[in-house]
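*Asks:* below is the structure, and that's it, no one-letter string:
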C-alpha cells in the first residue's frame, strides 16, 4: 500500500518529518481503505474522527454569517462580482451541487468568506471557515489532520538547483480536484444565493475537499503521490520521480541539464498529473526553447506579461520572486 511506499521511497533525506502518531496511522487507514479512482480523478473519504451522538446545530450560525456577507457584497460591487464568479465556476465545474433533499444523517453547514490576493485585486478566492466554532466545536475538530505528506522544501529546492535548465508549474485549485464520496457530502453544506442577493439563500454542498479544511493538504499530497504510484509506469522514470518528489504542495520545480529533456519532462509530468485529475499549468522557464514549444494558455501570468512587454523579466517559484 501507499503508506509503505511513502515511508520507504518518497521520504527525502532533507526532511525533518516527525514519526507518525496513532492518529496519523488512523488517518492513513481511513484514506487507503476508502480511496477510489472515478472517471479520471480520485474520490477520497473525509478522515472523520469517531463521532458519538448528534452534531451541534450549525444551520442558523451559517445563515447569520450569510446575512453579514450580504452587507459586504452589497457595499462593494466589484467584490460581489468576483465572489459570484467564483461560486458560479464551482457550480459549473461540479465542485458544488445544490441540495434538493433533506439528509437522513448528520449535517454540517460551513460559513465561507472571500480572500483577495494583493497582486490580484480583481480575483476573489472563497475559503470555507472550517475553524468556525459552534457550541465549542468546529468542522476541523471532526477531522483527523493526517501526517505531513509534503516533500521537504529544502529537498525540492536542492533538486531544483541541480540542472542547467529549469521550469516551474502549478496545479490549479489542487484540493478541488479530489472528490468526496456522496454519502459524506452533507458534512459540507453551505449557503449561497441564486442570481440575486435579495433572494433567500439556497442550500448547496461541496463535492470536493475544501480550502480551509485541516485534512485537505495531506489528502491532496497523498493523491498526488498515489497518482505517481498508480500511473507512473505509463511514463518515464523521470516523470514519475518528478510527480513524487519535485512538488511542494501544488508547485512543481524541475531542472535538467538538457533543454530537450526538460521539455519532454514538462509534457510528461503534465499528462501524468492529468491521470490523477490534476491540471498542471502556469508554467514558467527562462529557457525560451521550452516556452516556445508549449501553448500560450499554459503560461504563468508573469510569463505572459513578460512576453507582452508589460513587466521586466522576473522568475517566481514557491512565492519567492527574483530578478
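*Replies:* Structure's in. What do you need? None of the values given here were measured: they were computed from a predicted structure. Residues are numbered from 1 along each chain as shown.
*Asks:* can you list contacts of stretch 54-70?
*Replies:* Residues outside stretch 54-70 that contact it (Cβ atoms under 8 Å, 6 or more residues apart in numbering): 106-113, 129, 132, 134-135, 137, 142, 189-192, 197, 201. From N, CA and C alone the C-beta is placed, and that goes for glycine too.
*Asks:* drop anything exposed from these.
*Replies:* 107-113, 129, 132, 134, 142, 189-192, 201 (16 or more other Cβ atoms under 10 Å).
*Asks:* which ones among those map onto strands?
*Replies:* Within these, residues falling in strands by DSSP state E are 112, 113, 189, 190, 191, 192.
*Asks:* between the residues you listed, which sits nearest residue 51?
*Replies:* residue 189 (15.9 Å; Cβ to Cβ).
*Asks:* who does the closest one bridge with?
*Replies:* With DSSP bridges as the criterion, residue 189 is bridged to residue 109, residue 205.
*Asks:* wait, doesn't it sit right on residue 203?
*Replies:* Yes - look at residue 189 against residue 203 with Cβ atoms under 8 Å: they come within range, at 6.0 Å.
*Asks:* what is in contact with these two at once?
*Replies:* residue 99.
*Asks:* which residues are in contact with the residue sitting furthest away from the middle of the chain?
*Replies:* The outermost residue of the chain relative to its centre, with distances by Cα atoms, centre = their mean, is residue 198 at 31.9 Å. By Cβ under 8 Å, 6+ apart, the contact list for residue 198 is empty.
*Asks:* now it: how far from residue 70?
*Replies:* Distance, residue 198 to residue 70, by Cβ to Cβ, to the nearest Å: 9 Å.
*Asks:* ok, now residue 273?
*Replies:* Relative to residue 70, and taking Cβ to Cβ, residue 273 is found at 38 Å.
*Asks:* compare those two (neighbour count), which wins?
*Replies:* Between residue 273 and residue 70, counted using other Cβ atoms under 10 Å, residue 273 has the larger neighbour count: 27 against 15.
*Asks:* residue contacts, that one?
*Replies:* Residues near residue 273 by Cβ under 8 Å, 6+ apart: 171, 224, 227, 243, 279, 280.
*Asks:* try it again with 6 Å
*Replies:* If you count contacts by Cβ atoms under 6 Å, 6 or more residues apart in numbering, residue 273 has them with residue 280.
*Asks:* check which residues of whichever strand or helix holds it are buried.
*Replies:* Here residue 273, judged by DSSP states H and E, is contained in helix 259-275. Buried residues in helix 259-275, counted by 16+ other Cβ under 10 Å: 259, 262, 263, 264, 265, 266, 268, 269, 270, 272, 273, 275.
*Asks:* how far off centre is it?
*Replies:* Taking Cα atoms, centre = their mean, to the nearest Å, one finds the center of helix 259-275 at 20 Å from the center of the full chain.
*Asks:* who are the packing partners of the helix or strand where residue 126 lies?
*Replies:* Element membership of residue 126 [criterion: DSSP H and E] is strand 120-128. Packing partners of strand 120-128 (3 or more Cβ pairs under 6 Å, 6 or more residues apart in numbering; DSSP states H and E): helix 77-92, strand 112-117.
*Asks:* okay if I get the ones you listed as CSV plus distance to residue 31 and mean pLDDT?
*Replies:* Converted to CSV, the helices and strands packed on strand 120-128 look like this (distance: least, Cβ to Cβ, whole Å; pLDDT from 0 to 100):
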stretch, distance to residue 31, mean pLDDT
helix 77-92, 24, 93
strand 112-117, 25, 90
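*Asks:* of these, which is nearest residue 25?
*Replies:* strand 112-117 (31.7 Å).
*Asks:* that closest one versus strand 120-128: what angle between them?
*Replies:* Interaxial angle of strand 112-117 relative to strand 120-128 (axes from the mean of the first three to the mean of the last three Cα atoms, to 10 degrees): 150 degrees.
*Asks:* what pairs with strand 112-117, and is each one parallel or antiparallel?
*Replies:* strand 120-128 (antiparallel).
*Asks:* which of the three states applies to residue 223?
*Replies:* Secondary structure state of residue 223, per DSSP: H, G, I helix; E, B strand; the rest coil, is helix.
*Asks:* then the one 4 residues further on?
*Replies:* The local conformation at residue 227, judged by three-state DSSP, is helix.
*Asks:* next, the contact list for it, please.
*Replies:* Here residue 227 is in contact with 275, 276 (Cβ under 6 Å, 6+ apart).
*Asks:* what about the helices in the stretch 151-300 of the chain?
*Replies:* Assigned by DSSP state H, counting those that start in this stretch, the stretch 151-300 of the chain shows helices spanning 153-160, 216-231, 237-245, 259-275, 288-291.
*Asks:* between those, which gets the lowest average pLDDT?
*Replies:* Lowest mean pLDDT within those: helix 153-160, a mean of 83.
*Asks:* so which bits of that helix are buried?
*Replies:* Quick answer for helix 153-160 (16+ other Cβ under 10 Å): 155, 156, 157, 159, 160.
*Asks:* surely residue 190 touches residue 110?
*Replies:* Yes - Residue 190 is in contact with residue 110 according to Cβ atoms under 6 Å; the separation is 5.2 Å.
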